[in-house]
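>>> need a 3D model of the following:
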Amino acid sequence: MEEKETRFDRSTERSECLIAEYKKLRKDEAKMSQKSLEDITGVPRQMIIRYEKGKIMPTVRAMNRLLEPLGYQLGIVPLKKEDSEDTQ
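Numbers count the residues shown, from 1 in each chain. Predicted coordinates:
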């Protein structure tokens, strides 16, 4: 029997994608080390490591603190029609 995907599963999946995108930005585009990010944002390097390994999920505030020096921020964007049907 096939298990039904839950909202939690999709939410976790999206969170993991967010962290993966953030890591790509930090490494590829900004070429910023975890130590540099710690110095700029005040977010301890150990927390950055935990976020990047998926051990814990950052709050929106923490994620924005990490993204700001990279030139990004989290935002609310409308879902495409098929995406919004998935969440109902």
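
>>> where do the helices sit along this structure?
Along the chain, the segments classed as helices by DSSP state H run 7-24, 34-41, 45-53, 60-67, 81-86.

>>> mean pLDDT lowest for which of these?
Mean pLDDT across the helices of the chain is lowest at helix 81-86; the value there is a mean of 63.

>>> put together a markdown table for the helices of the chain, with mean neighbour count and distance to Leu74 on each row.
To be clear about C-beta, it is placed using only N, CA and C from the backbone, and glycine gets the same treatment. Putting the helices of the chain into a markdown table (neighbours: other Cβ atoms under 10 Å; distance: least, Cβ to Cβ, whole Å) gives the following:
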| stretch | mean neighbour count | distance to Leu74 |
| --- | --- | --- |
| helix 7-24 | 13 | 8 |
| helix 34-41 | 16 | 14 |
| helix 45-53 | 15 | 14 |
| helix 60-67 | 17 | 6 |
| helix 81-86 | 9 | 17 |
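
>>> to Gln73, which of those lies closest?
Nearest of those to Gln73, taken as Cβ to Cβ: helix 60-67 at 5.4 Å.

>>> remind me what the closest one packs against, helices and strands.
The helices and strands touching helix 60-67, judged by 3 or more Cβ pairs under 8 Å, 6 or more residues apart in numbering; DSSP states H and E, are helix 7-24, helix 34-41, helix 45-53.

>>> just to revisit the earlier point, for Gly75, find the nearest of the helices of the chain.
Nearest of the helices of the chain (Cβ to Cβ): helix 60-67, 9.7 Å.

>>> report the angle between the axes of that closest one and helix 34-41?
Going by axes from the mean of the first three to the mean of the last three Cα atoms, to 10 degrees, helix 60-67 is angled at 110 degrees with respect to helix 34-41.

>>> got a list of contacts for helix 60-67?
Residues from elsewhere that reach helix 60-67 (Cβ atoms under 8 Å, 6 or more residues apart in numbering): 18, 22, 25-26, 37, 41-43, 47-48, 51, 58, 73-74.

>>> try it again at 6 Å.
Thr41, Val43, Gln73, Leu74 (Cβ atoms under 6 Å, 6 or more residues apart in numbering).

>>> and stretch 17-25, by the same measure?
Contacts of stretch 17-25 (Cβ under 6 Å, 6+ apart): Glu52, Leu70.
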